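Undergrad: I'd like to go over a predicted model; first the sequence, then the structure.
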Amino acid sequence: MSSSRQSLGRWGENQAADFLAGCGYAILERNARTPHGEIDLVAQQEESGRDGSVMTTVFVEVKTRSSRAFGYPEESITPRKQAHLLSAAQAYLQEHPELVGDWRIDVIAVERLYGQRAARIVHFENAVT
């Protein structure tokens, strides 16, 4: 992968992590490696329920684009990629038995389009089932 693509990817992951933190998520790990691939962000979200608060572990795939020449970032999540994300999340949970409770896989699409100052960020919750 070229250094400019890596740089754009790191920028997108930073934007996504900042976005999640601003929404009250706790970032547990970045670029978590598993036998089934890398997980861009592992976070926890505290949600209030009838029986008190519940912690949900959130595995986040970040897709970053600097143009729409190949479509929107989220369109690159193929069925094959979804299967890899699911396997990676399950492996991560097996390696971290302290993470009990609910979990889900989200996708965050980040765009840094030419001429725009701010990133466009779209958060797809529970994107992979």
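TA: The structure has been received and is ready for your questions. Residues are numbered from 1 along each chain as shown.

Undergrad: drop to CA atoms for contacts and neighbour counts, all remaining ones
TA: Fine.

Undergrad: roughly how far out does stretch 17-31 sit from the chain middle?
TA: Its chain's average C-alpha position is 9 Å from that of stretch 17-31, according to CA atoms, centre = their mean, to the nearest Å.

Undergrad: Show me which residues of it are buried.
TA: Neighbour counts over stretch 17-31 (16 or more other CA atoms under 10 Å) mark 17, 19-20, 25-27, 30 as buried.

Undergrad: Dump those to CSV, plus distance to Asp51, secondary structure and pLDDT.
TA: Formatted as CSV, the buried residues of stretch 17-31 follow (distance: CA to CA, whole Å; DSSP: H, G, I helix; E, B strand; the rest coil; pLDDT from 0 to 100):
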residue, distance to Asp51, secondary structure, pLDDT
Ala17, 29, helix, 98
Phe19, 28, helix, 97
Leu20, 25, helix, 98
Tyr25, 20, coil, 97
Ala26, 21, strand, 97
Ile27, 24, strand, 98
Arg30, 31, strand, 97
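
Undergrad: List just the nearest of the residues you listed to Ser53.
TA: Tyr25 (13.6 Å; CA to CA).

Undergrad: which stretches of the protein have low pLDDT?
TA: The chain contains residues with pLDDT under 70 at 1-2, 115.

Undergrad: ok, which stretches of it are helices?
TA: For the chain, applying DSSP state H gives helices covering 3-22, 79-95.

Undergrad: Dump the buried residues of stretch 17-31 into CSV; add distance to Val122 as well.
TA: CSV is the format used below for the buried residues of stretch 17-31 (distance: CA to CA, whole Å):
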residue, distance to Val122
Ala17, 13
Phe19, 10
Leu20, 11
Tyr25, 16
Ala26, 18
Ile27, 18
Arg30, 19
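
Undergrad: who wins for proximity to Trp103 among the helices of the chain?
TA: The closest of those to Trp103 is helix 79-95. By CA to CA, the value is 8.9 Å.
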